[in-house]
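> build me a model from this:
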Amino acid sequence: MRAYFKIFDFKQQVDYKNEILSGLTVALALIPEAVAFALIAGLSPLTGLYAAFTIGLITSVFGGRPGMISGATGAVAVVIVALAKSHGVEYIFAAVVLAGVIQMLAGFLRLGKFIRLVPHPVMFGFVNGLAIVIFMSQLVQFKTTNENGVMHWMTGSSLYLMVGLVLLTMLIIWGLPKLTKMVPSSLVAILVISAIVIGFNIDTRTVGDIASIKGGFPPFHIADVPFSFETLKIIFPYALIVAGVGLIESLLTLNLVDEITQTRGRGNKEAVAQGAANVVTGFFSGMGGCAMIGQSLINISSGARARLSGIVASVMLLVFIMYGSSLIERLPMAALTGVMVMVAIGTFEWASISMVGKMPRHDIFVGILVAAITVLLHNLALAVLIGVIISALVFAWENAKRIRARKYVDDQGIKHYEIFGPLFFGSITAFNEKFELLNDPDEVIIDFKESRVVDMSAIEALNKLTERYHAAGKQLHLRHLSDDCRLLLKNAEDIIEVNLLEDPHYKLVVDKV
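Model prediction:
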């Protein structure tokens with residue numbers, strides 16, 4: 001339990017300048033995203049901003065991955081939009097609190113370790129799909145609304161101006177690190193473009209055109225819903241999906257940041273922190289959320305590696321809401337769009353393109369499928385789950401083909417079948433085809449020294465095989481079975497021969513909290 005409450009690593013060297021400037025950059029980039037996600041869910045912009053503040057602050061302090069940014073996300077927004085429309089915002093707050101409790105339970109039960117079951121092709125597909133989603137989400141900034149409320153693409157000077165400002169932002173982000181890394185290039189780009197737009201009074205879309213961000217400190221509020229079983233029936237399905245989506249996206253983001261920084265985060269600790277953050281935000285008028293891969297990459301690429309950057313981002317976001325809304329609302333969306341486009345370019349695994357034709361076809365298929373589901377459905381959790389399931393089925397099929405048997409008859413006339421490869425539901429058919437019941441002698445030994453009986457299907461196959469030999473009047477010995485398999489076999493106790501000294505014992509690697 002001590003691991004959950006060990007917050008800061010005081011041995012870590014912290015670059016305070018990078019942490020503070022990175023946090024400021026993230027705070028500026030958080031505003032339009034939090035507002036947009038709240039509007040997607042059909043909620044007030046402040047519910048998204050309050051969620052970004054509370055979730056960001058709590059996970060930055062207590063989370064398992066320093067430098068990772070959390071807040072209101074689109075993955076959560078698309079889940080709760082139906083509940084918001086059918087029952088209203090109060091049920092959203094209740095569902096978010098319940099989702100947080102589920103996430104905390106998952107962390108305390110150490111379920112975060114199961115993220116290691118996500119194969120690399122799924123990670124490639126997840127990252128590439130997310131990069132495309134981030135890029136496509138910025139295209140709306142190149143559209144405008146006519147007098148009838150219909151959106152259409154910009155034309156003429158407004159389009160050229162928007163494209164020019166976005167390209168200038170991207171040029172600064174790309175070029176400045178080649179000259180100096182004293183300050184985050186994303187922050188410099190935002191400030192330069194803002195100075196140009198404000199100084200020359202250029203007419204272009206600003207943050208204030210999306211929605212007002214003016215507000216106070218997040219108010220404490222207990223969801224005004226009946227405390228009954230009927231309410232639980234309404235919110236539980238949404239809470240379960242929010243918890244699952246949040247954990248999957250957060251742990252995948254944690255893995256990605258681990259790869260970039262060559263360090264290791266703590267998945268279970270992050271799950272507990274995400275849960276606690278959602279519980280708190282549900283009581284402080286927030287819409288819920290999880291880790292934000294785009295903002296996390298902005299933070300990491302700006303040089304942040306410690307908890308301070310996330311704390312600064314959250315606190316500065318609240319300062320902007322309470323005191324700086326009039327200034328922040330003047331920031332041009334072109335600058336923030338340019339930042340996010342560069343994040344999308346940096347997120348995409350360009351090396352995965354060169355792997356086509358060099359890696360197994362099923363891995364390429366899984367990666368493309370996960371990316372396609374992510375882009376088309378905007379459901380990251382579903383994409384990852386489908387990718388894991390397909391990868392597992394492919395793994396089972398490939399291992400099913402690996403079972404082999406070496407056959408020989410010894411000097412005493414006993415026939416031996418030495419089995420190689422795992423025996424499980426997928427390899428049972430191939431396993432049964434190895435035996436020649438009619439031609440075998442009266443005594444047969446099946447040796448499992450180089451094999452492993454994996455599941456109940458395999459055990460049932462052994463039961464049926466022993467019964468077939470017994471019915472034929474022949475004696476069958478099963479040798480070198482492990483203890484767990486031997487105890488589960490039925491109706492074969494009298495004809496099993498086990499070498500206790502050579503019985504294999506299988507142990508699980510236990511992950512730390």
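
> residue ranges with poor pLDDT in this protein?
Along the chain, the model assigns pLDDT under 70 to residues 1-12, 482-513.

> quick check: longest helix of it.
In the chain, with assignment by DSSP state H, the single longest helix is helix 229-261.

> what packs against that helix?
When contacts are defined as 3 or more Cβ pairs under 8 Å, 6 or more residues apart in numbering; DSSP states H and E, helix 229-261 packs onto helix 74-87, helix 89-108, helix 120-138, helix 267-283, strand 290-291, helix 293-301, helix 380-400. Where C-beta positions appear, they are placed from N, C-alpha and C, glycine not excepted.

> could you rerun that using 6 Å?
Packing contacts for helix 229-261, counted by 3 or more Cβ pairs under 6 Å, 6 or more residues apart in numbering; DSSP states H and E, involve helix 74-87, helix 89-108, helix 267-283, strand 290-291, helix 293-301, helix 380-400.

> need the ones you listed in TSV with distance to His120, can you?
Conversion of the helices and strands packed on helix 229-261 to TSV gives the following (distance: least, Cβ to Cβ, whole Å):
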stretch	distance to His120
helix 74-87	21
helix 89-108	23
helix 267-283	17
strand 290-291	20
helix 293-301	17
helix 380-400	9
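
> so which of those gets nearest Val245?
Between Val245 and the helices and strands packed on helix 229-261, the tightest spacing by Cβ to Cβ is seen for helix 380-400, at 4.2 Å.

> tell me what the next helix or strand after that closest one is packed against?
Per DSSP states H and E, the first helix or strand lying C-terminal to helix 380-400 is strand 404-409. Under the contact definition 3+ Cβ pairs under 6 Å, 6+ apart, strand 404-409 sits against strand 415-423.

> let's see 10 Å
strand 415-423, helix 428-432, strand 443-453 (3 or more Cβ pairs under 10 Å, 6 or more residues apart in numbering; DSSP states H and E).

> check contacts around Val192.
Residues counted as contacts of Val192 (Cβ atoms under 10 Å, 6 or more residues apart in numbering) are 168-169, 172, 176, 335.

> go through the helices and strands packed on helix 229-261 and pick out the most buried.
Here the criterion is mean neighbour count by mean count of other Cβ atoms under 10 Å, and of those the winner is strand 290-291, at a mean of 30.

> partners of that one, with directions?
strand 70-71 (antiparallel) (DSSP bridges).

> from memory Ser158 sits against His152, does it?
No. Ser158 lies out of contact with His152 (Cβ atoms under 10 Å); the separation is 11.6 Å.

> quick one, which of these two is more surrounded?
More crowded of Ser158 and His152, by other Cβ atoms under 10 Å: Ser158, with 14 against 9.

> show me the contacts for the more buried one.
142, 144, 203-205.

> and if we set it to 6 Å?
Listed by Cβ atoms under 6 Å, 6 or more residues apart in numbering, Ser158 has no contact partners.

> same check, this time on the one 3 residues further on
Leu161 is in contact with Thr204, counting by Cβ under 6 Å, 6+ apart.

> out of everything not next to it in sequence, what's closest to Leu176?
Ser185 (4.0 Å; Cβ to Cβ, 6 or more residues apart in numbering).

> and Thr374, by the same measure?
Gly129 (2.8 Å).

> test my guess that that neighbour contacts Val375.
Yes. Gly129 is within contact range of Val375, at 5.2 Å (criterion: Cβ atoms under 6 Å).

> who has more neighbours out of those two?
With neighbours defined as other Cβ under 10 Å, Gly129 and Val375 compare such that Gly129 has more, 28 against 18.

> for Leu336, see how far away that one is.
22 Å (Cβ to Cβ, to the nearest Å).

> ok, Pro226 next?
For Pro226, the distance to Leu336 - Cβ to Cβ - is 41 Å.

> again, but for Ile260
Distance of Ile260 to Leu336, given as Cβ to Cβ: 22 Å.

> tell me which of the two has more neighbours.
Between Ile260 and Leu336, counting by other Cβ under 10 Å, Leu336 is the more crowded of the two (27 against 14).

> which residues does the more buried one contact?
Residues in contact with Leu336, defined by Cβ under 6 Å, 6+ apart, are 29, 32.

> now with 7 Å?
Counting by Cβ atoms under 7 Å, 6 or more residues apart in numbering, Leu336 makes contact with 29, 32, 190.

> distance of the nearest residue to Ala82 once chain neighbours are set aside from Ile210?
Using Cβ to Cβ, 6+ apart and skipping the chain neighbours, the partner closest in space to Ala82 is Tyr238 (7.8 Å). As judged by Cβ to Cβ, Tyr238 and Ile210 stand 26 Å apart.

> those two: which is more packed in?
Tyr238 (24 against 17).

> how much space between the more buried one and Leu232?
Distance from Tyr238 to Leu232, by Cβ to Cβ: 11 Å.

> okay, and the common contacts of these two?
What both Tyr238 and Leu232 touch, as defined by Cβ under 7 Å, 6+ apart, is an empty set.

> what's the angle between the longest helix of the chain and helix 74-87?
Per axes from the mean of the first three to the mean of the last three Cα atoms, to 10 degrees, the angle that helix 229-261 makes with helix 74-87 is 170 degrees.

> just read off the phi/psi values of the closest residue to Ala405 other than its chain neighbours.
Leaving aside its chain neighbours, Ala405 sits nearest to Lys434 (4.0 Å; criterion: Cβ to Cβ, 6+ apart). Main-chain torsions, Lys434, degrees, to the nearest 10: phi -80, psi -20.

> next one: Gly303
The phi/psi pair for Gly303 (degrees, to the nearest 10) reads phi 100, psi 0.

> from Leu438, how far off is it?
Distance of Gly303 to Leu438, given as Cβ to Cβ: 73 Å.

> isn't Ser186 right up against Ile298?
Yes. In terms of Cβ atoms under 7 Å, Ser186 counts as a neighbour of Ile298; the distance is 5.9 Å.
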